[in-house]
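Engineer: Here is a sequence with its predicted model. Questions after.
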Amino acid sequence: MTTISLNVNGKDYRVDVDPQTPLLWVLRDTLGLTGTKYGCGIGMCGTCTIHLDGKAVRSCTLAVASVEGKKIVTIEGLSPDGSHPLQKAWAEEQVSQCGYCQPGQIMTAAALLAETPRPTDEEIVTAMADVLCRCGTYQRIIKAVRRAAQGGAS
Amino acid sequence: MSGPISRRDFLKVAAVAGGGILISLYLPGCDRLPGAGSGPEPTPLSGPDEMKPNAWVRLANDGTITITIHRSELGQGVRTSLAMILAEDLGADWSKVRVEQAVADIRYGDQNTGGSTSIQSSYATLRHAGALARQMLIAAAAQVWGCSEEDCSAENSLVTNKKTHGKLSFGHLVPLAATLPVPSVADVELKPASEFKIIGTRLGRIDDPEILTGKAIYGMDIRLPGLRYAVVARSPVLGGNLVSFDDSAARAVPGVVDVVQIRTGVAVVADSTWNAIKGRNALISTWDKGLHPDLNSADIEARLLGRVTSPAQDGELAAYYTLPYFAHAPLESMNCTADVRRDRCEIWVPTQNVQAVKQRATVVARLPGSAVTVHVTLVGGGFGRRLESTNRGGTPAVDYVEEAIQVSQAIGAPVQLVWTREDDIRYDIFHPMSVTRVSARLDSIDSLQTNLLEAGEVPTGYWRAVTNVPEAFARESFVDEFAFATHQDPLELRRKMLTGRARAVLDLAAEKAGWGKPLPSGQGRGIAYHASWGVTPCAQVAEVSVDDQGNVTVDRVVCAVDCGTPINPGMIEAQMEGGIVFGISAALKKAITVKNGQIQQSNFFDYPILRADESPRIEVYIVPSTEIPTGVGEMSNPVTMPAVTNAIFAATGKRIRQLPVQTEDLTG
């Protein structure tokens, strides 16, 4: 066990865990931030996606020791009140089915729009292909990202 | 006025107020409506703060309406759609509606969330439950106003006096309505469809504010004081038994607090999920060779084929169609949280079958039903895996519940029992492998006969749409073959076979898809029809492209569905879209296979599912209807699979009779 300092959603934490623990489990089990989900544990499904210094990364294969001093943002910290343009677009396009993968989808889309505010459809599809959805909400995800990129218009 | 007033005093005051003064103060459209805004309140009615006319709804004097949802939310939207049904006949202001998930309780009747039944089987009950409450609120308003109930109507959480145009809010009326007798179902009228304000609208998901901000609670998100986390080492082969285990290395892993032998294997318990997984990795366990040490899925398939491949008779067309084992692979793997004490047991579980969970919990925990409480969390995908109570081998299929209870009992603390992705795929209860023989005399498609055979040794059970999957794949593929064998257009042949609502969805899908319009070389269009369990007619036209290497891309799927009265069209379209994606995954991705008694797949690299860049353009058309609404969750995936393979035939001339499609089927 090692004491590790983390900055999550603008807040500083000190956690006492095995430094090799994937960030996912520190967020969920140590800090109680359960919005970031476990899906596969091998970085394939994207359900656990968070932002590390603004980039979308899979938290299930990221050793907690490697993120000390970096800025971590989870779905809980994306916006103070659920008013991020993507969160609004997700509701308007009725994207959610079971909803379990949607935090990972939204965090992936948010990193895309932060880097590329007006993505082409191809850029949207390529970025969103990183995150699996067993309910099959893909078409609505693409529409919602497009809507958010266009400032909320459908 | 100060101090409590008697009911009689109050009625007098209120009648005067309601008949005169209030009207001038509270005009329709004004936001200062009694109990509905920030303006001066009319004299409060005396009585309880809450009315609870039945098990489904309660209304508070602040106007909040709480609707109980007895079915599980798996993504099909029941927590929204069931509430919409009740809210409609209640005359509710939707913004005042909250939902509350029911615990396991036989008062709610059947709580199984499977077979696409939630809407259809609850429709009349929930409408009446809402109408009864509305009638009581109207009766209360009539008393206040001293008018007849017939002069009152209710909408948008307000009762209106049709003669005086006076209005009273539901919240205001609650204390009086709560004291009135509940009318009998026969004495209330349901709204005519022409007056629907909520049913038929595209209301957003009631759970979206939580889902989209990460606050929604799925099974794995339950956090309790002192919660421990556990993972279980199970037999690597089907039906294997534990011979011995050495837990010294597992116990040496920091954070591991205990190692417990349970029925299904050895549970490693830790202070975090990760430490439990590490502990399991360090555990040494030895297993016997299990019930079927030589079992291979290829042999099972050969055996099934051997039983059905009788040759076609003269003048007959016959073919057989093979489906493999498929996994459910919901994104939230199986899990259960249990807190078992000496005299009680509390469980939190993402399940489709809360009453089976409770039943099993009473047996495993050895407690009476009254001591067992089962909470249903949001469910991160079900697709039938979380519906099973026993699989075909007779083993309790709520195994994750049993495991959580046994571990909690053993360590005397609450436990979250987590299946890793690998556990979830290896220990799934799979879609059964099947071979279906279909035949018909060439002079008449009406002579069509099917014979479905499934195999036994591998645990199998419900998988989205269950037997509709092999049934639709075999019949709709065969009808296509028959059409080509008899030089008919596949659409025209199906039009002869179908009537009424079935033919209507077929025609609608064909028309919207542009059936018959030429496509470039290498592309093809296929059509299929099915109504799962005979309830919801659905037709689809798929367009595919096949490249020189035999890679199939589904470019477009047009879907028409007649599900009776559409409750929430957006959610219906979403279910059809989701089923189409689910069906394409099954048709084009991978099967589950068995070698030497062991399931060979374990995660998304060897059991992939469709991704966003592989997903087609999907168009869904809902037939307008005022019939009883029917289910939509399992209506589209059975249709998609043959629509896609029929399109592959149109593109390549190669007939697919076995899923998943292999690239080598389409080359050479």
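Structural biologist: Alright, I've got the coordinates.

Engineer: In which helix or strand does the residue of chain A found nearest chain B reside?
Structural biologist: Nearest residue of chain A to chain B, counting by C-beta to the nearest C-beta: A:Gly35, 2.0 Å away. Using the backbone N, CA and C atoms, a C-beta is placed for each residue, glycine as well. Assignment of secondary structure by DSSP states H and E places A:Gly35 within no helix or strand.

Engineer: Who are the contact partners of it?
Structural biologist: With contacts defined as C-beta atoms under 8 Å, 6 or more residues apart in numbering or on different chains, A:Gly35 is in contact with A:74-76, A:103, B:213-215.

Engineer: neighbours around A:Gly151, how many?
Structural biologist: Neighbour count for A:Gly151, taken as other C-beta atoms under 10 Å in any protein chain shown: 9.

Engineer: For the nearest residue to it once chain neighbours are set aside, which residues are in contact?
Structural biologist: Distances taken as C-beta to C-beta, 6 or more residues apart in numbering or on different chains place A:Pro85 nearest to A:Gly151, at 7.4 Å, with adjacent residues excluded. Contacts for A:Pro85 (C-beta under 8 Å, 6+ apart) come out as A:113, A:148, A:151-152.

Engineer: of all of the stretch 101-250 of chain B, which residue lies closest to chain A?
Structural biologist: Counting by C-beta to the nearest C-beta, the stretch 101-250 of chain B gets nearest chain A through B:Gly214, at 2.0 Å.

Engineer: Once you drop chain neighbours, what's closest to that residue?
Structural biologist: A:Gly35 (2.0 Å).

Engineer: Find me the pLDDT at the one you found, would you?
Structural biologist: Looking at A:Gly35, its pLDDT stands at 98.

Engineer: ok, and the closest non-adjacent residue to B:Asn54?
Structural biologist: B:Ala129 (5.0 Å).

Engineer: B:Ala531 should be in a strand, yeah?
Structural biologist: Yes: counting by DSSP: H, G, I helix; E, B strand; the rest coil, B:Ala531 is located in a strand.

Engineer: Okay, and the closest residue to it other than its chain neighbours sits in which element?
Structural biologist: Distances taken as C-beta to C-beta, 6+ apart put B:Pro537 closest to B:Ala531, at 4.5 Å, once the chain neighbours are dropped. Using DSSP H and E, B:Pro537 sits within strand B:536-546.

Engineer: tell me what that strand is packed against?
Structural biologist: If you count contacts as 3 or more C-beta pairs under 8 Å, 6 or more residues apart in numbering or on different chains; DSSP states H and E, strand B:536-546 packs onto helix B:500-513, strand B:523-532, strand B:552-561, helix B:637-652.

Engineer: got those as a markdown table, with mean neighbour count and mean pLDDT columns?
Structural biologist: A markdown table is the format used below for these (neighbours: other C-beta atoms under 10 Å in any protein chain shown; pLDDT from 0 to 100):
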| stretch | mean neighbour count | mean pLDDT |
| --- | --- | --- |
| helix B:500-513 | 19 | 98 |
| strand B:523-532 | 25 | 98 |
| strand B:552-561 | 24 | 98 |
| helix B:637-652 | 28 | 98 |
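
Engineer: how about low-confidence regions in chain A?
Structural biologist: Counting by pLDDT under 70, chain A contains low-confidence ranges at A:154.

Engineer: does the residue nearest the centre of it sit in a helix or strand, and which one?
Structural biologist: Most central in chain A under C-alpha atoms, centre = their mean is A:Met107, positioned 3.0 Å from the mean C-alpha point. Secondary structure from DSSP H and E places A:Met107 in helix A:102-115.

Engineer: Next, see if whatever helix or strand comes next after that helix gets close to chain B.
Structural biologist: Per DSSP H and E, the first helix or strand lying C-terminal to helix A:102-115 is helix A:121-128. Yes: Helix A:121-128 lies within reach of chain B by C-beta under 8 Å from any C-beta of the partner chain, at A:125-126, A:128.

Engineer: What subset of these is buried?
Structural biologist: A:125, A:128 (16 or more other C-beta atoms under 10 Å in any protein chain shown).

Engineer: can you state the direction angle for the helix or strand containing the residue nearest to B:Asn54 and strand B:536-546?
Structural biologist: Per DSSP H and E: B:Ala129 is located in helix B:118-145. Orientation check (axes from the mean of the first three to the mean of the last three C-alpha atoms, to 10 degrees): helix B:118-145 against strand B:536-546 gives 130 degrees.

Engineer: Mind listing what's buried along helix B:118-145?
Structural biologist: Buried residues in helix B:118-145 (16+ other C-beta under 10 Å): B:118-123, B:125-145.

Engineer: now do stretch B:360-371
Structural biologist: B:360-362, B:364-365, B:367, B:371.

Engineer: Repeat that for stretch B:436-444.
Structural biologist: Neighbour-count burial for stretch B:436-444 [16+ other C-beta under 10 Å]: B:436-441.

Engineer: Kindly report the same for stretch A:71-80.
Structural biologist: Buried-residue list, stretch A:71-80, by 16+ other C-beta under 10 Å: A:72-79.

Engineer: which strands and helices sit next to the helix holding A:Met107?
Structural biologist: Under the contact definition 3+ C-beta pairs under 8 Å, 6+ apart, helix A:102-115 sits against strand A:49-52, strand A:55-58, helix A:85-92, helix A:121-128, helix A:138-149.

Engineer: what angle separates the last one from helix A:121-128?
Structural biologist: Per the same axes, to 10 degrees, the angle that helix A:138-149 makes with helix A:121-128 is 120 degrees.

Engineer: Thanks a lot, catch you later.
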